[in-house]
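In: need coordinates for the below:
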Amino acid sequence: MRTLGMVFGGVALVATACSVKDPLYCRSDFDCQNFADRPRCDLTGDHEENHLAHTCVANWDPDAGLPDAPADAPVDATRVCAPSSVTCANDVLSTCSADGTSKLDTPCALGCYTDGTRCYDLDPSNALAAQLDDSVGGPDVVLSDGAVINMKTGEVTNGDGSSIAIPSEVVVQAQVDAPKIRVFKVRSMVVGDISVISGEGAGVVAWPPALAFVSSGNVLIQGHFDVSATRDMPGPGASSKAGGTVARPCEAGWATYSTRQSGSGGGGFLTAGGSGGANALAGGVGGLEDGAGTGEPIRGGCSGGFRLDDGFRAAGGGALQIASRTRIDVTGIVDAGGGGGTYRAGGGSGGEVLLEAPVISIVGTNAGVVANGGGGGGGCNPSDGADGSLTLLPSAGGTCSATGFTNGGNGGAGNVPPTNGVTYSGTANPSGAGGGGGAAGRIWMNTAAGTATRQGNVVVGQASEGLVRRR
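Out: Have a look, this model is predicted:
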């Protein structure tokens, strides 16, 4: 109530006036039921007729502006979004509650899709999108130290000897000079010190499949994820002319065989492999650079040239692809090194590693990703070259001290190319020259920002970094 006062001839007159509630005032549509032409309650003042909050108005589309609160809502409770709607703007996905009074905001790691209804999704290389979609229903996997993956059968044995059921399928790559890919589908994954059996024995009688993991959630590599070669035992996806596969230019040439033996060439990949040392005759030619694309197709390393007397050839490192919708963290090391050559044989080249996620983080002393080449064998027997190293230092070639026998070449590491086997130019007979070192392999890291995070004294080979594809 308000009071009005006036004075006439010294006499004060006082009058009072009562405030009247607006009949169109409302707290919900229920309050407007007596107004046939104004059946809706505009709680926010968004209606174009009068822009007054808590006013009965004519019918309108609540989705055009902020919709109304439920009938039992308090006066100050308003809807903040269209009930059950999903919208995406400014790299944030907003999911509205059923009653429209609350919403859940989720950052879009790869931005909003063009129609504004969802986030962009990761589009993995090598046509693995369907497998990534399937990973939503996959298991949360913890591979403990000592776990083994058998690429031929798809069996996974954990470090305690128990079997782990991880759904997988074998995918055929479009290119003829590429292996198949065995794709494991997980919801999330933690990896300790694990090894991978390519499924093929020494000599590589078939091209074993490459290894891939696709994950809807986070991937943490905290141990030694080993897809490397050991001597003539190949990593997954490593190739060899001996296996009836399509020959790649990275395959190395072999040495001559006589009482004065020359060395075989090393496998090529990131660069050419080292040539074998000459003796009475020329050494084997190192394999050529190969695979200058973007990790498509994904392939393992190439073998070194073989010895004609027994057919030994050092194997190439494996091929590994990991794709995550969220992030990949590496606090351990991923190893795709090539095999070292035994006497007179060239080293195998490192393999190929492809990591794809909105965020890739490599943190910690000696954490990293390597695909170093194996060292070439020396000209004497025994004199083995080292398998690909876990550092950025080259793997040493085999050494010889006897007259007439020379050292093998070092393997490639990082951006350091392999070296040739040492030539022998004397006249000693018998004699032998060393094999060439294997080249380093290829490493690809694709993220939303185009660069991976590196912190600490990390070990990363010569890596190519770029943007992930979206869909």
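
In: and stretch 337-350, which residues are buried?
Out: Applying a neighbour-count criterion of 16 or more other CB atoms under 10 Å, the buried positions in stretch 337-350 are 337-350. C-beta coordinates here come from the backbone N, C-alpha and C atoms, glycine included.

In: what's the burial count for V363?
Out: V363: 13 surrounding residues under other CB atoms under 10 Å.

In: leaving out chain neighbours, which residue sits closest to it?
Out: Q455 (4.5 Å; CB to CB, 6 or more residues apart in numbering).

In: what does C41 give?
Out: C26 (3.9 Å).

In: wait, doesn't that neighbour sit right on V57?
Out: No. C26 is beyond contact range of V57, at 9.1 Å (criterion: CB atoms under 8 Å).

In: name the residues contacting each of those two.
Out: Common contacts of C26 and V57 (CB atoms under 8 Å, 6 or more residues apart in numbering): C41.

In: near G116, how many other residues are there?
Out: Count around G116 with other CB under 10 Å applied: 11.

In: that one contacts T87, doesn't it?
Out: Yes. At 6.1 Å, G116 counts as touching T87 under the criterion of CB under 8 Å.

In: picking that back up, measure the residue nearest to V363 to G368 for me?
Out: 11 Å (CB to CB, to the nearest Å).

In: neighbour-wise, which of the two wins?
Out: Neighbour count, other CB under 10 Å: between Q455 and G368, G368 has more, with 25 against 10.

In: what ranges in the stretch 251-400 of the chain fall below the confidence cut-off?
Out: Along the stretch 251-400 of the chain, the model assigns pLDDT under 70 to residues 256-258, 292.

In: mind listing the strands for it?
Out: Under the criterion DSSP state E, counting those that start in this stretch, strands of the stretch 251-400 of the chain are mapped to 260-261, 319-324, 327-330, 333-335, 352-356, 359-363, 368-370.

In: how about those strands in a markdown table, adding distance to G305?
Out: Shown next, in a markdown table, are the strands of the stretch 251-400 of the chain (distance: least, CB to CB, whole Å):
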| stretch | distance to G305 |
| --- | --- |
| strand 260-261 | 12 |
| strand 319-324 | 21 |
| strand 327-330 | 33 |
| strand 333-335 | 24 |
| strand 352-356 | 20 |
| strand 359-363 | 34 |
| strand 368-370 | 23 |
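
In: which one of the ones you listed lies nearest to I166?
Out: Closest to I166 of those, according to CB to CB: strand 319-324, at 13.7 Å.

In: how far off centre is the closest one?
Out: 5 Å (CA atoms, centre = their mean, to the nearest Å).

In: check which helices and strands that strand sits against.
Out: Counting contacts by 3 or more CB pairs under 8 Å, 6 or more residues apart in numbering; DSSP states H and E, strand 319-324 packs against strand 210-215, strand 352-356.

In: tabulate those strands (TSV), appending distance to V136 and mean neighbour count.
Out: Output for these, formatted as TSV (distance: least, CB to CB, whole Å; neighbours: other CB atoms under 10 Å):
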stretch	distance to V136	mean neighbour count
strand 210-215	10	28
strand 352-356	17	27
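
In: follow-up on the earlier one: nearest to C380 among the buried residues of stretch 337-350?
Out: Y343 (6.2 Å).

In: tell me, how many residues neighbour V176?
Out: 8.

In: oops, could you answer that again for K103 instead?
Out: Per other CB under 10 Å, the neighbour tally for K103 reads 17.

In: what's the closest of the helices and strands packed on strand 319-324 to G414?
Out: strand 352-356 (13.4 Å).

In: and the contacts of the closest one?
Out: 122, 124-125, 227, 237, 269, 291, 295, 298-301, 317, 319-324, 328, 334, 336, 369, 371, 441-447, 452, 468.

In: and stretch 289-297, by the same measure?
Out: Contacts for stretch 289-297 (CB under 8 Å, 6+ apart): 125-126, 173-175, 177-178, 248-250, 268-272, 299, 302, 321, 352, 354, 439, 442, 444, 464, 466.
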